[in-house]
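Q: Sequence first, predicted model second:
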Amino acid sequence: MTTPVVETRRGTSPVILGFPHTGTEVPADIWARLNGTGKILADTDWHIHDLYDGLLDGVTTVRATFHRYVIDANRDPAGASLYPGQNTTGLVPETDFDGNAIWNEGQAPTSEDIVARLSAFHAPYHAALAAEIERVKAIHGVAILYDCHSIRAHIPFLFEGRLPDFNIGTDMGRTCAPEVETAAVEVATRAEGYTAILNGRFKGGWTTRHYGKPETGVHAIQMELAQSTHLAAEAPPFAYDAGKAERLRGHLQTILERIARIAPDLKP
């Protein structure tokens, strides 16, 4: 790794932005084991940390710099599936989102590799995230984790049809107060030219479900954006479209500002 495993930017807002999937760093020994498909790193949440940059004053950010093919920071460390019975990728993926193998033959990660990567990558990310949640909660009496994601809008291996633009996940309302959910849903559903859904194909990943305990003053919500909303094309080189992004950023800013404003009313 040429950069720290986790990048943290501390702020004073009650809102924390989590970025588990924007990293593209892969240690050299792991990179050598990826095949040509894997080295495309197609399943990155491309440019999401840039998309949210500067949208909310004083926001705290916690970002994993390592790629999800090293280990997925948004998966249960015990390896349990987020969506039993549905196609998905695991703690250390064996395939990409299209179901194609990403490792050279005979070089897929072993159980020993996974244990080592949990210690070196997954655990430090969540230690940093948990520390910021506790710090922010100590300041405000409440902390709101907004977990930032993106995915291609059309992936037949994972879901039928085309994904809505805004995919809001709260594990069926379990991970945050209704006010937090409503703030995101109202802005997203009223955004002209966009589509939105609550707890559709993506109901919130392990991070959202693990930390979101409203009764303790910690609320969590996941926003999975279709990459067609901010990329020039959902294909290599996955270039950022500044015009699309600027239009989208206005709606994201409104969501974050509304969530931050209601935070004082959410103290347990």
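A: Perfect, thanks for sending it. Everything quoted here is computed from the prediction, not taken from an experiment.
Q: Would you agree Gln222 falls within a helix?
A: No: under DSSP: H, G, I helix; E, B strand; the rest coil, Gln222 sits outside any helix and is assigned strand.
Q: any chance you could map the helices in the stretch 101-250 of the chain?
A: Listed in chain order, the helices of the stretch 101-250 of the chain (DSSP state H, counting those that start in this stretch) span 111-117, 123-140, 178-190, 206-211, 242-262.
Q: okay, those helices in CSV with mean pLDDT next?
A: Below are those laid out as CSV (pLDDT from 0 to 100):
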stretch, mean pLDDT
helix 111-117, 95
helix 123-140, 98
helix 178-190, 98
helix 206-211, 97
helix 242-262, 98
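Q: Tell me which of these sits most buried.
A: Across these, the average number of neighbours (mean count of other CB atoms under 10 Å) peaks for helix 206-211, which reaches a mean of 22. Bear in mind the C-beta positions are built from the backbone N, C-alpha and C, glycine included.
Q: what does that one rub up against?
A: Contact with helix 206-211 is made by 18, 20, 73-76, 82, 126, 129-130, 133, 145, 147, 169-171, 174-175, 218, 220-222, as judged by CB atoms under 8 Å, 6 or more residues apart in numbering.
Q: Of those residues, just the buried ones, ChimeraX syntax please.
A: Buried residues among these (16 or more other CB atoms under 10 Å), as a ChimeraX selection:
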select :18,20,73,74,75,76,82,126,129,133,145,147,169,170,171,175,218,220,221,222
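Q: Would you list the phi and psi of Leu154?
A: Check again: residue 154 is His, not Leu. Torsion angles at His154 (phi, psi; degrees, to the nearest 10) stand at phi -130, psi 110.
Q: Count the neighbours of it for me.
A: By other CB atoms under 10 Å, 15 other residues sit near His154.
Q: Could you do Ala28 as well?
A: Using other CB under 10 Å, Ala28 has 8 neighbouring residues.
Q: ok so, going back, the helices of the stretch 101-250 of the chain into JSON lines, with extra columns for distance to Val5?
A: Formatted as JSON lines, the helices of the stretch 101-250 of the chain follow (distance: least, CB to CB, whole Å):
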{"stretch": "helix 111-117", "distance to Val5": "11"}
{"stretch": "helix 123-140", "distance to Val5": "5"}
{"stretch": "helix 178-190", "distance to Val5": "29"}
{"stretch": "helix 206-211", "distance to Val5": "16"}
{"stretch": "helix 242-262", "distance to Val5": "26"}
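Q: Relative to Asp57, which of those helices is closest?
A: Nearest to Asp57, of all the helices of the stretch 101-250 of the chain, is helix 242-262, at 8.6 Å by CB to CB.
Q: how big is the angle separating the closest one from helix 178-190?
A: 150 degrees (axes from the mean of the first three to the mean of the last three CA atoms, to 10 degrees).
Q: Out of the helices of the stretch 101-250 of the chain, the one nearest Pro93 is which?
A: Nearest to Pro93, of all the helices of the stretch 101-250 of the chain, is helix 111-117, at 11.2 Å by CB to CB.
Q: Now do that closest one: everything it contacts.
A: Residues contacting helix 111-117 (CB under 8 Å, 6+ apart): Val70, Ile71, Gly79, Leu91, Val92, Pro109.
Q: Quick check, Arg174 in contact with Ala220.
A: No: applying CB atoms under 8 Å as the test, Arg174 and Ala220 come out as separate, 9.5 Å apart.
Q: what sits in contact with each of these two?
A: By the contact definition CB under 8 Å, 6+ apart, Arg174 and Ala220 are jointly contacted by Arg209, Gly212.
Q: Where does the prediction get shaky in the protein?
A: Residues of the chain that meet the criterion pLDDT under 70 lie in 1, 80-88.
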